[in-house]
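Asks: quick check, what structure comes out for this input:
(one chain, ligands or ions: 1)
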Amino acid sequence: METLKREVCDANLKLVEYGLVILTWGNVSALSEDGKFVVIKPSGVDYSSMCPEQMVVTDLSGTVVEGELRPSSDLLTHLELYRSFAGVGAVVHTHSPYATARAQAELDLPCYGTTHADSFYGAIPCTRHLTKQEVDQAYEANTGLVIAETFRHRKLDPMAIPGVLVCKHGPFSWGINCKKAVENALILEETARMALITTQFSPQAEPAPQYLLDKHYFRKHGANAYYGQN
Ligand SMILES: O=C(CO)[C@@H](O)[C@H](O)COP(=O)(O)O
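Replies: Next up, the predicted model:
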């Protein structure tokens with residue numbers, strides 16, 4: 001578990017390095033190899049003093065089993081994502097400006113080009129509003145349930161589209177491990193920024209055609225991937 005704490009701590013610090021968070025915003029968690037525990041950033045702790053020993057370990061019900069500090073306020077959202085999306089090994093939440101602004105505008109993030117297609121097999125969905133009752137009752141858990149409902153309702157594969165825009169809140173991303181989850185958070189922010197510039201150049205810009213989406217996504221993912229040196 002010590003190795004995972006170091007990995008999660010380093011991933012949280014990467015959010016700052018990549019300019020995806022300021023102050024104490026955002027959080028990263030990872031699932032233990034046996035799938036029984038989650039290691040997550042402590043709530044409200046300054047990144048400048050963050051260290052692996054501060055990471056909090058909980059079971060899948062959210063009970064703290066290791067650590068002195070309170071876990072991230074988004075813990076229950078992370079837990080719902082692990083429960084709902086098989087294969088997810090790490091979850092990232094940020095308030096990165098372009099993705100958050102798109103979530104606040106209640107807009108999906110269409111795949112306008114190959115930069116997006118390389119990592120996400122289609123548009124990044126924006127969830128519906130949470131109802132007042134969902135916010136008042138179990139806000140963080142319901143945020144996770146609304147994300148899962150969005151993917152189920154729209155028949156999306158969360159491992160092919162490893163990100164979401166939570167309406168009026170911000171982006172959540174995930175992946176098989178911390179490195180991939182943070183990478184997906186960074187790509188989500190960058191493609192959100194590019195999308196805004198694209199539609200400023202051309203308000204009528206269309207999403208990339210399916211054949212281009214297929215070409216770029218599957219050259220990096222799946223059995224016949226041939227990108228890079230892998
Ligand atoms: O979106 C939120 C709170 O709604 C979080 O990203 C906070 O901004 C960080 O919370 P902690 O992880 O420090 O509890």
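Asks: quick one: the residue nearest the centre of the chain from Val28, how far?
Replies: Note on the chain: the residue nearest the mean C-alpha position is Ser173, at 1.2 Å, using CA atoms, centre = their mean. As defined by CB to CB, to the nearest Å, Ser173 lies at a distance of 10 Å from Val28. Every residue, glycine included, has its C-beta placed from N, CA and C.
Asks: Thr100 too?
Replies: Counting by CB to CB, the separation of Thr100 from Val28 is 17 Å.
Asks: what does Gln137 give?
Replies: Distance, Gln137 to Val28, using CB to CB: 26 Å.
Asks: ok, now Thr143?
Replies: Taking CB to CB, one finds Thr143 at 16 Å from Val28.
Asks: so the two - more neighbours on which side?
Replies: Neighbour totals were compared for Thr143 and Val28, and Val28 leads with 30 against 26 (other CB atoms under 10 Å).
Asks: show me the beta-bridge partners of the more buried one.
Replies: Using DSSP bridges, the bridge partners assigned to Val28 are Val92.
Asks: residue contacts, it?
Replies: Residues near Val28 by CB atoms under 8 Å, 6 or more residues apart in numbering: 8, 11-12, 15, 40-41, 90-93, 178, 181-182.
Asks: report pLDDT for it.
Replies: In this model, Val28 is scored at 98, pLDDT.
Asks: in the contacts of Val28, find the pair that's most separated.
Replies: The span of the contacts of Val28, defined through CB to CB, is set by Ile40 and Val182 at 14.1 Å.
Asks: now for Ser173 and Val28: what residues contact both?
Replies: Val91, Val92, His93, Ala181, Val182.
Asks: out of the residues you listed, who's near the ligand?
Replies: Filtering the shared contacts of Ser173 and Val28 for proximity to the ligand by CB under 6 Å from any ligand atom leaves His93.
Asks: highest neighbour count among the shared contacts of Ser173 and Val28?
Replies: Highest neighbour count within these, by other CB under 10 Å: Val92, with 33 neighbours.
Asks: I'd say that one and Glu183 touch.
Replies: No: judged on CB atoms under 8 Å, Val92 makes no contact with Glu183 at a distance of 9.3 Å.
Asks: pull out the buried residues from the biggest helix by length in the chain.
Replies: Scanning the chain for the longest helix, with DSSP state H as the assignment, gives helix 178-201. Applying a neighbour-count criterion of 16 or more other CB atoms under 10 Å, one finds 178, 180-195 buried in helix 178-201.
Asks: next one: Val91 from Ile176, what distance?
Replies: Here the criterion is CB to CB. By it, Val91 lies 11 Å from Ile176.
Asks: up against the ligand, what does this structure have?
Replies: Within the chain, the positions lying close to the ligand (CB under 6 Å from any ligand atom) are Thr24, Trp25, Gly26, Asn27, Lys41, Ser43, Gly44, Ser72, Ser73, Asp74, His93.
Asks: quick one: contacts for the second one?
Replies: Taking CB under 8 Å, 6+ apart as the definition of contact, the neighbours of Trp25 are Thr94, His95.
Asks: gap between it and Leu107?
Replies: For Trp25, the distance to Leu107 - CB to CB - is 21 Å.
Asks: contacting residues for Val91?
Replies: Val91 sits next to Val28, Ser29, Ala30, Thr77, His78, Leu81, Tyr82, Phe172, Ser173, Trp174, Ala181 when contact means CB under 8 Å, 6+ apart.
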